[in-house]
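The following block contains a protein sequence and its predicted model.
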Amino acid sequence: EPEVTQTPSHQVTQMGQEVILRCVPISNHLYFYWYRQILGQKVEFLVSFYNNEISEKSEIFDDQFSVERPDGSNFTLKIRSTKLEDSAMYFCASSFSGRVNTGELFFGEGSRLTVL
Amino acid sequence: GNSVTQMEGPVTLSEEAFLTINCTYTATGYPSLFWYVQYPGEGLQLLLKATKADDKGSNKGFEATYRKETTSFHLEKGSVQVSDSAVYFCASRSGTYKYIFGTGTRLKVLA
C-alpha cells in the first residue's frame, strides 16, 4: 500500500541551527501539507502546498519556515534558525484532491525535532 | 475561529468494554468531521469520516455520528480489543486546505 515516508525519524539540533525535514508523499498525490504537534498539545496546521506554491499557511509558519518540492518527489520543510519552541513532532501529509469530500489526508509517521 | 475539543486521556479499558471518546467542534458553516488513529510507531490514519449532519461514519467496529444540534462527533465502539490501543484524533475541515485537530486521546486496552 502506498505511504508517505518521512526522514529523519528523530533529529536533535542546537538552537539557531538550520533543520530540513524531508517527506516523500504518495506518488500521484497533488496536495501536500505539514502539521506539527508539540508534546501534549493539538496537532497544528502549518502549511499546504499545491501546484508548486503555498496555498495556505498558518500564523505559525513565519519567515523562519519554508517549504520546497525540489525534484517532483520530495517535499521538504526547512526551519532556518531553530528555537526551543520548535521542538515538536512534525507530520507530513498528502492528498490526491483538495476537495472536502474526497481529499483524505495520508500522513507520514512523523519526524521528531528536539531543539537544545 | 474553528476548533475541536476532545476528551483528555488516557482512557484505560478492559478488553470487550464499551468505548466512548467525546469530541465537540466549533465552526462557521458545516464542516466535515473525521477521526484519525495513530498506532504506536505509525502515522495518522483516517478511521472514519462524516461530511454532513446526521451522517454516521463507521469502520473497524468504530462509529461516530455527526450531530449538528450538539456540535459533536463522539467516537464509539461496542467492544474494544487490545489491538485498538492507540491515540485517537478528532478533526474538522471547513472548505479550506487545512484540518483542525484536537489534542488526541490515548486509549489503552488491557487484556
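Noted; the coordinates are in hand. Numbering: from 1, shown residues only, chains lettered A, B, ... in the order given.

what's the nearest residue to the most centrally placed residue in chain A if we skip its chain neighbours?
Taking C-alpha atoms, centre = their mean, the centroid of chain A lies closest to A:Trp34, which sits 2.9 Å from it. Nearest residue to A:Trp34, sequence neighbours excluded (C-beta to C-beta, 6 or more residues apart in numbering or on different chains): A:Leu46, at 4.3 Å. Heads up, the C-betas are built off the backbone N, CA and C, glycines and all.

I figured the one you found was touching A:Ser58, is that so?
Yes. Under the criterion of C-beta atoms under 8 Å, A:Leu46 makes contact with A:Ser58 at 5.8 Å.

Of the two, which one has the most company?
Per other C-beta atoms under 10 Å in any protein chain shown, whichever of A:Leu46 and A:Ser58 has more neighbours is A:Leu46, with 22 against 16.

Can you tell me what sits against the helix or strand where the more buried one lies?
Under the criterion of DSSP states H and E, A:Leu46 resides in strand A:43-50. Outside strand A:43-50, the residues that touch it by C-beta atoms under 8 Å, 6 or more residues apart in numbering or on different chains are A:30-38, A:54-58, A:60-61, A:65, A:67, A:69, A:75, A:77, A:90-91, A:98, B:44, B:89, B:91, B:97-104.

Give me the pLDDT value at the residue nearest to A:Trp34.
At A:Leu46, the model reports a pLDDT of 95.

Report the beta-bridge partner residues of A:Tyr33.
A:Tyr33 forms beta bridges with A:Ser48, A:Ala93, as assigned by DSSP bridges.

If you tally nearby residues, what's the number for it?
28.

these two touch, right, it and A:Phe106?
No. Shown here, A:Tyr33 and A:Phe106 do not form a contact pair, counting by C-beta under 8 Å, at 9.9 Å.

Residue numbers of chain B in contact with chain A?
Selection of chain B residues close to chain A by C-beta under 8 Å from any C-beta of the partner chain yields B:4, B:32, B:36, B:41-46, B:49, B:51, B:89, B:91, B:93-104.

Mind listing the shared neighbours of A:Tyr33 and A:Phe106?
Joint contacts of A:Tyr33 and A:Phe106 (C-beta under 8 Å, 6+ apart) are A:93-95.

I'd like these laid out as TSV, including pLDDT.
Shown next, in TSV, are those (pLDDT from 0 to 100):
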residue	pLDDT
A:Ala93	93
A:Ser94	91
A:Ser95	88
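
Nearest to B:Thr26, out of the residues you listed: which one, please.
Looking at those and their distance to B:Thr26, the nearest is A:Ala93, at 22.9 Å (C-beta to C-beta).
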